[in-house]
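could you look at this predicted model? Sequence included:
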Amino acid sequence: MKNTHYDTTIIGSGISGLYTALKLNELNPESKILLITKDKFGESNSYYAQGGMVAVLHSNKNDSVECHVKDTLVAGAGLSEKDSVEFISENSDSVVKDLLKFGVNFDRDENGNFTLTKEAAHSVRRILHSGGDATGREMEKALMHAVKKVPDIEIKENTAIVDLVVKDNICEGVVTFDNSKYEQIISDVTILASGGIGQLYKYTTNPQCATGDGFSICYRAGAVLRDMEFVQFHPTALAIDDPEHHNRFLISEAVRGEGAKLCLKDGTEYMIKYDPRKELAPRDIVARANYTEMQKNKIDNVYLNATVIGKEKLLKRFPTINQKCASYGIDITHDYTPVAPAAHYFMGGVKTNFNGETSIKNLYAVGEVSSTGLHGANRLASNSILECVVCAYETAQHLNNKDYTKSETVEMYEPANVQKTEEKVLQSFKQRLKDTMWNNVGIFRDEKSLTTALNDVCEIEKEFNKPDICASIEEYELRNMITVAKLIIQSALNRKESRGAHYRTDYLQTDKVPRHSEVKKEMVLC
Ligand code: SIN
């Protein structure tokens with residue numbers, strides 16, 4: 001197996017990975033950076049983000065850091081860390097200015113001022129957007145373009161991380177696999193920016209690459225992970241499966257922010273029964289309301305009436321949504337749009353501070369894979385891209401001022417050859433896992449459903465029988481999905497209360513004193 005050396009290895013080509021690479025290069029143009037991505041360059045959760053990015057702009061006289069912090073803490077249901085929220089909010093204005101230097105831009109009005117939108121649980125308009133409803137795609141395109149111009153950032157596509165190389169709690173690099181060969185990549189610093197877990201669920205807005213790899217390899221390496229029971233379900237994914245992308249297309253919360261109403265087929269609106277803030281209640285409440293209506297009425301979806309926004313505004317603000325719905329024969333300016341909840345974002349993650357430091361030396365985590373304390377039990381819409389960019393910026397600054405404990409000798413990792421699992425069987429394992437996670441570890445859960453899910457996942461693990469070495473990237477993905485599913489289920493079993501996105505029908509109360517949950521390698525799972 002080949003053994004290569006870089007100053008920094010970054011895993012993931014979403015907004016966190018790209019911006020961290022650019023900031024590191026800006027601070028130290030001499031440093032050799034490797035950016036590894038499991039799919040094609042740029043494929044990530046970030047790419048599909050629609051609504052936008054929160055920014056408390058100094059020019060926005062209606063907003064303040066205090067107001068944004070308050071909204072985030074309310075949505076976070078007692079588990080957001082005030083220090084983290086304040087820090088990230090305070091740095092939002094300056095990070096927007098910095099992003100502009102790298103070619104990122106946001107939509108502006110005829111006077112050149114940024115146009116701001118609103119999403120659920122925000123008190124004021126404070127969300128920047130780009131391309132109308134394609135904020136992630138536009139930010140990604142700009143940052144990808146900037147990265148490609150830097151010769152000292154090398155990009156490795158279609159390559160999975162098998163494991164971290166960790167000795168005496170110091171991360172020395174990673175072992176990669178590209179479906180034909182293994183490689184050991186040694187680096188002074190390893191930064192995970194590997195995204196989320198949506199593909200663990202039957203219904204998700206996330207792309208196919210979101211299989212929880214970063215959480216799983218960190219767990220195997222002994223890092224501390226936090227709040228793994230908190231999965232955010234978006235209330236309004238288009239209720240039509242997209243077989244090409246193995247997901248469901250997102251209908252942005254910004255559509256409700258601009259006035260769209262949730263209703264049944266006959267137009268009956270129902271949100272007032274669930275919360276006085278109606279369509280703009282925090283996301284967990286709206287997702288539960290939609291799911292309850294679907295179960296009560298024995299229907300596969302509810303509807304979003306966006307026609308009330310008016311044709312001209314709808315087409316200008318939501319061109320991507322309009323186009324996608326039109327491809328399914330839905331005219332959002334005229335028809336009700338069929339929507340249903342879907343797994344969307346993971347609030348838990350690898351425990352870090354806002355410099356990205358994890359519990360393992362020289363291992364950093366940024367973006368959805370990290371748990372900085374911002375999101376608590378329920379993320380406030382459009383806070384995630386803000387966290388990506390502020391923490392990428394801080395991580396790069398921190399690393400630039402740091403002396404590393406460099407690795408001395410690194411033992412080579414020699415994987416054995418293993419038999420490939422038949423494709424049909426592999427797909428059936430994945431589908432069984434997604435089904436049980438959706439049915440039993442979803443919007444509503446209880447002891448019985450969680451125990452059923454744990455048994456199902458342990459059975460899949462036994463049948464798959466590849467705890468270490470696998471034969472393909474897809475097999476490594478399944479190995480990671482199994483590990484992360486068990487961590488989510490076990491954490492959900494342990495939390496005997498309902499809080500934010502974790503809703504236990506057998507423990508409806510919210511405990512007076514909020515507490516984070518942590519998992520480490522010693523946790524016995526099956
Ligand atoms: C959306 O556009 O509804 C998603 C925004 C987010 O997840 O923050």
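Received it, and whenever you're ready, just let me know what you need. Note that the structure is a prediction, hence the values are computed from the model and not measured.

confidence score at Val524?
On pLDDT, Val524 comes in at 61.

again with Phe354
So Phe354 comes in at 87 (pLDDT).

please apply the same query to Tyr503.
Confidence score, pLDDT, at Tyr503: 98.

for it, grab phi and psi.
Torsion angles at Tyr503 (phi, psi; degrees, to the nearest 10) stand at phi -120, psi 110.

any residues of this protein in contact with the ligand? List them.
By the rule CB under 6 Å from any ligand atom, the part of the chain lying against the ligand is Gln50, Gly51, Leu250, Ser252, Glu253, Ala254, Tyr345, Ala381, Ser382, Ser384. For every residue, glycine as well, the C-beta is placed using N, CA and C.

from the residues you listed, which ones fall inside strands?
In this view, the residues of the chain next to the ligand that belong to strands under DSSP state E are Tyr345.

now for the residues of the chain next to the ligand: which two are most distant?
Ala254 and Tyr345 (15.4 Å; CB to CB).

between the two, tell me which one has more neighbours.
Per other CB atoms under 10 Å, whichever of Ala254 and Tyr345 has more neighbours is Tyr345, with 28 against 25.

note down every partner strand of the helix or strand of the chain with the lowest mean pLDDT and its orientation.
Here the helix or strand of the chain ranked lowest by mean pLDDT, DSSP states H and E is strand 2-11, holding a mean of 90. Sheet pairing for strand 2-11, assigned by DSSP bridges, gives strand 33-36 (parallel), strand 182-192 (parallel).

distance to Asp83, mean neighbour count and mean pLDDT added to those, as TSV?
Conversion of the strands paired with strand 2-11 to TSV gives the following (distance: least, CB to CB, whole Å; neighbours: other CB atoms under 10 Å; pLDDT from 0 to 100):
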stretch	distance to Asp83	mean neighbour count	mean pLDDT
strand 33-36	30	25	98
strand 182-192	22	24	96
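
how about these in a markdown table, adding distance to Ala121?
Below are those laid out as a markdown table (distance: least, CB to CB, whole Å):
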| stretch | distance to Ala121 |
| --- | --- |
| strand 33-36 | 34 |
| strand 182-192 | 28 |
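
shaky segments in the protein?
404-414, 523-524 (pLDDT under 70).

so where do the helices sit in it?
Assigned helices in the chain, in chain order: 15-27, 65-75, 82-90, 92-101, 135-148, 213-221, 253-257, 283-296, 311-317, 319-327, 383-400, 423-440, 447-464, 473-494 (criterion: DSSP state H).

the longest one: how far from the chain's middle?
Right, helix 473-494. Centroid displacement of helix 473-494 relative to its chain, using CA atoms, centre = their mean, to the nearest Å, is 15 Å.

buried stuff in it?
473-493 (16 or more other CB atoms under 10 Å).

next: the fourth one.
Across helix 92-101, burial judged by 16+ other CB under 10 Å covers Ser92, Val95, Val96, Asp98, Leu99.

contacts only, for the second one.
Meaning Val95. The neighbours of Val95, taking CB atoms under 8 Å, 6 or more residues apart in numbering as the test, are Ala55, Leu386, Val389, Val390, Tyr393.

with neighbour count as new columns, can those residues be given to me in JSON lines?
Below are those laid out as JSON lines (neighbours: other CB atoms under 10 Å):
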{"residue": "Ala55", "neighbour count": "28"}
{"residue": "Leu386", "neighbour count": "26"}
{"residue": "Val389", "neighbour count": "28"}
{"residue": "Val390", "neighbour count": "25"}
{"residue": "Tyr393", "neighbour count": "21"}
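
from those residues, which is closest to the ligand?
Of all the contacts of Val95, the ligand sits closest to Leu386, with 9.4 Å by CB to the nearest ligand atom.

for that closest one, give me its contacts.
Contacts of Leu386 (CB under 8 Å, 6+ apart): Met53, Val54, Ala55, Ile88, Ser92, Val95.

the closest residue to the ligand within the chain: neighbour count?
With CB to the nearest ligand atom, the shortest gap between the chain and the ligand falls at Gly51, namely 2.6 Å. By the criterion of other CB under 10 Å, Gly51 has 26 neighbours.

quick one, what contacts it?
Applying CB under 8 Å, 6+ apart, the residues near Gly51 are Thr117, Glu119, Ile127, His129, Asp133, Thr135, Ser252, Glu253, Ala254, Gly257, Ala381, Ser382.

same thing but 6 Å
Glu119, Ser252, Glu253, Ala254, Ala381, Ser382 (CB atoms under 6 Å, 6 or more residues apart in numbering).

the first one - how many residues pack around it?
Which is Glu119. By other CB under 10 Å, neighbour count at Glu119 equals 24.

distance check, it against Thr236.
Counting by CB to CB, to the nearest Å, the gap from Glu119 to Thr236 is 11 Å.

ok so, going back, what residues does the least confident helix or strand of the chain touch?
Against strand 2-11 from outside (CB under 6 Å, 6+ apart): 17, 20-21, 24, 31-36, 161, 183-194.

that strand vs helix 213-221, what angle?
120 degrees (axes from the mean of the first three to the mean of the last three CA atoms, to 10 degrees).

tell me the buried residues in strand 2-11?
Tyr6, Asp7, Thr8, Thr9, Ile10, Ile11.

go through these and name the one nearest Asn45.
Distance to Asn45 across the buried residues of strand 2-11 (CB to CB) is lowest for Ile11, with 13.9 Å.

okay, and the beta partners of the closest one?
Going by DSSP bridges, Ile11 forms beta bridges with Ile36, Leu192.

how far away is it from Thr211?
13 Å.

sorry, back to before: can you list the buried residues of strand 2-11 in TSV and add distance to Gly349?
Output for these, formatted as TSV (distance: CB to CB, whole Å):
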residue	distance to Gly349
Tyr6	24
Asp7	25
Thr8	20
Thr9	19
Ile10	17
Ile11	14
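
quick check: the two most widely separated of the residues you listed?
Among the buried residues of strand 2-11, Asp7 and Ile11 lie farthest apart (CB to CB), at 14.8 Å.
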